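*Asks:* sequence and computational prediction follow.
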Amino acid sequence: MYSMNTSAPLSQRCPRPLLSSLSYHLPKRKFSFPPLPTKHHLLTSTFPRSPSLSLHLESSRISARKCVPENVSNSFEPDQVQEEAFGSIQEIAHNEIDITKILMGANSIIPHVVLASTLLALIFPPSFTWFTTRYYAPALGFLMFAVGVNSSSKDFIEAINRPGVLTAGYVGQFIIKPLLGYFFGTISVTAFRLPTSIGAGIMLVSCVSGAQLSNYATFLADPAMAPLSIVMTSLSTATAVLVTPMLSLLLIGKRLPVDVKGMMSSIVQIVVVPIAAGLLLNRFSPRISAAIRPLLPPLSVFVTALCVGSPLAINIDAVLSPFGIIILLLIIGFHASSFFAGYILTGLVFQKAPDVKALQRTLSFETGMQSSLLALALANKFFKDPLVGVPPAISVVIMSLMGFSLVMLWTKRRDQVPA
């Protein structure tokens, strides 16, 4: 038998390899090795039943255990190493995905941000007064750039296949809504004896294109309709360079002077160029576009908060004046009637469509939510009377709160409908 010197160094204490030991002690004859199910049988039952051989195998096995610590031997098991490595990779990827989801999901807090900005501007105006009117155009341009980066030609192609719906959305934007704006703007001057500039501000709100927030509201209520909403908003935004100045001249021109050429130039700079830049970046530099896309939602929420709070803070005296409540009620009436008209008229025109309810909600958002920030930027730049900007400033808040309230209402009803 092989004797082990326990006082020798570790390298000398270890027995010779198992196969060499076996070849030395086994009798010189052929053996058959039947298949055995467990590792225990490999050491006890594969070979002829010889007491000396069994004792030698057992001592070799014990010696091997003493030579290699248990924690060391376990650490080199292939399955465990692979599982630990794969788990680490999964954890890193999961963390990255979570961060991206958090950034991309920042738009979900827009209703809360709008409400918080409104309250903060009313309670402590200096928190927003530093964001003066000269920043409105660049801020709106950034929001338009974000829309361009998040759009693609595929979205347009899918929605263009429904020209009837696009036409209905366009009619709601630039015919129904301006008529309602003209009605509420007129009664503000004739019935409530408000300054002419207030009526002009209400009409200006009704002349601008659709709001990008309508796309997000549509996505929350009916995700499948989001591309259609994007196309309708993009179409109204692209043609606003001609339509908005002409409508403003038609509705407001008899009351206040309107610079049509100046409005067209500003809309090109604020809307058309940023959206085109975003689309081009998305098309020709997809890596850069993909890298900055997760950062755009939180930045857009921050910019939206500034654009909501600043107009209220700057015009706080007019908003809290005796006629401020009347303006608020007129703006609420204007938006409520716009949401209602878009919903009802769509139901009458597309009553046979299989997705008529989803279309009604989508066109209601498109008709009731418009780019009040654009109206505010135009009011501050092209009208000398600061009161023209008061209705757009109030409209930014009312439009957002009413729109997302409808999202919560319609989403709750949709979830309650049995499948």
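*Replies:* Great, that's in hand.

*Asks:* any idea how far residue 392 is from residue 239?
*Replies:* 20 Å (CB to CB, to the nearest Å). All C-beta atoms are positioned from the backbone trio N, CA, C, and that covers glycine.

*Asks:* the more surrounded of these two?
*Replies:* residue 392 (28 against 15; other CB atoms under 10 Å).

*Asks:* give the buried residues for the helix or strand containing that one.
*Replies:* For residue 392, the element it lies in under DSSP states H and E is helix 390-416. Going by neighbour count (16 or more other CB atoms under 10 Å), the buried part of helix 390-416 is 390-404, 406-407, 410.

*Asks:* quick one: mean pLDDT over it.
*Replies:* Confidence for helix 390-416, expressed as mean pLDDT, is 83.

*Asks:* ok, now stretch 260-271?
*Replies:* Rounded mean pLDDT across stretch 260-271 is 78.

*Asks:* again with stretch 362-372
*Replies:* 92.

*Asks:* before we move on, what about stretch 307-327?
*Replies:* Here the average pLDDT along stretch 307-327 is 84.

*Asks:* got the CA coordinates for that stretch in CSV?
*Replies:* Output of stretch 307-327 as CSV, limited to C-alpha atoms (Å, rounded to 0.1, in the frame of the first residue of the first chain):
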residue,chain,number,x,y,z
CYS,A,307,-42.9,76.5,-21.2
VAL,A,308,-46.0,75.9,-19.0
GLY,A,309,-44.8,77.7,-15.9
SER,A,310,-43.1,80.7,-17.6
PRO,A,311,-46.1,82.2,-19.4
LEU,A,312,-48.3,82.0,-16.3
ALA,A,313,-45.5,83.5,-14.1
ILE,A,314,-44.9,86.4,-16.5
ASN,A,315,-48.6,87.1,-17.0
ILE,A,316,-49.5,86.5,-13.4
ASP,A,317,-51.1,89.9,-12.9
ALA,A,318,-53.4,89.5,-15.9
VAL,A,319,-54.3,85.9,-15.0
LEU,A,320,-55.2,86.9,-11.5
SER,A,321,-57.0,90.0,-12.6
PRO,A,322,-60.8,90.4,-12.3
PHE,A,323,-61.2,89.2,-16.0
GLY,A,324,-58.7,86.3,-15.5
ILE,A,325,-61.5,84.0,-14.4
ILE,A,326,-63.5,84.9,-17.4
ILE,A,327,-60.6,84.1,-19.7
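
*Asks:* so how far is that stretch off the chain centroid?
*Replies:* Centroid displacement of stretch 307-327 relative to its chain, using CA atoms, centre = their mean, to the nearest Å, is 30 Å.

*Asks:* what's that stretch in contact with?
*Replies:* Stretch 307-327 has contacts (CB atoms under 8 Å, 6 or more residues apart in numbering) with 113-114, 117-118, 120-122, 125-129, 131-133, 135-136, 139-140, 188, 192, 194, 198, 328, 373, 376, 386-387, 389-394, 396-397, 400.

*Asks:* list the helices and strands the helix holding residue 392 packs on?
*Replies:* helix 110-123, helix 196-207, helix 212-221, helix 296-314, helix 316-319, helix 324-349, helix 356-368, helix 372-382 (3 or more CB pairs under 8 Å, 6 or more residues apart in numbering; DSSP states H and E).
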